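A.B. asks: build me a structure from this.
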Amino acid sequence: MSDEPQRNALFVRLTPDQARRRDRAVAAVPARKKDLIGGLLERFVHPDTPAGLAALRELAGHDEVRRHVTVDLGTDGPVVGHASFRPAPEPEVLDAAGAAALLLVDEPAVVALAERGEIPARRIGDAWRFSRRALLDWLNA
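C.D. replies: Predicted coordinates:
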């Protein structure tokens with residue numbers, strides 16, 4: 001059994017300047033990076049005391065005020081354990097791709113049906129346009 005204490009992995013993103021300072025410190029001491037970081041934590045991080053917490057908050061750029069996030073759920077009162085979803089309204093006028101998606105067929109089939117006059121559509125210039133309501137009524141007929 002090893003006398004080495006159990007260790008946990010730590011991944012930290014440092015700025016290039018912080019990484020250079022860490023590397024200079026490791027070379028100057030000399031020490032392993034993990035020992036240097038562990039020693040700094042041991043010596044300077046004290047989250048169990050009010051003074052230690054205040055120092056950590058100062059380091060992290062936090063003040064004593066807790067930060068709150070407010071989400072507008074579209075209701076007047078508080079909502080607990082509830083979520084809602086309001087999808088965007090469906091467009092009334094569709095292009096050939098939209099009509100194909102609505103009818104669950106491929107776009108060339110929709111264009112061919114429109115050209116033969118088999119589905120309600122209007123040609124505007126070189127493009128076909130379809131009324132969502134007219135397509136649904138045609139489909140239900």
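
A.B. asks: what about residue 128, which helix or strand?
C.D. replies: For residue 128, the element it lies in under DSSP states H and E is strand 127-131.

A.B. asks: just checking, what packs against that strand?
C.D. replies: Counting contacts by 3 or more Cβ pairs under 8 Å, 6 or more residues apart in numbering; DSSP states H and E, strand 127-131 packs against strand 93-94, helix 96-103, helix 107-115, strand 122-124. Backbone N, C-alpha and C define where each C-beta goes, glycine included.

A.B. asks: hey, C-alpha coordinates of that strand in PDB?
C.D. replies: In PDB, the C-alpha atoms belonging to strand 127-131 read as follows (Å, rounded to 0.1, in the frame of the first residue of the first chain):
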ATOM      1  CA  ALA A 127     -42.100  30.500 -58.200                       C
ATOM      2  CA  TRP A 128     -45.100  28.600 -56.900                       C
ATOM      3  CA  ARG A 129     -47.000  29.700 -53.800                       C
ATOM      4  CA  PHE A 130     -49.500  27.700 -51.800                       C
ATOM      5  CA  SER A 131     -52.100  28.600 -49.200                       C
END
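
A.B. asks: what's the angle between it and helix 107-115?
C.D. replies: 80 degrees (axes from the mean of the first three to the mean of the last three Cα atoms, to 10 degrees).

A.B. asks: buried sites along strand 127-131?
C.D. replies: Within strand 127-131, the residues that count as buried by 16 or more other Cβ atoms under 10 Å are 128-131.

A.B. asks: what's the helix or strand just after that strand packed up against?
C.D. replies: Next helix or strand after strand 127-131 toward the C-terminus (DSSP H and E): helix 132-140. Applying 3+ Cβ pairs under 8 Å, 6+ apart, one finds that helix 132-140 contacts strand 93-94, helix 96-103.

A.B. asks: what mean pLDDT does the longest one get?
C.D. replies: Per-residue pLDDT over helix 96-103 has a mean of 95.

A.B. asks: and it, what other elements does it pack with?
C.D. replies: helix 107-115, strand 127-131, helix 132-140.
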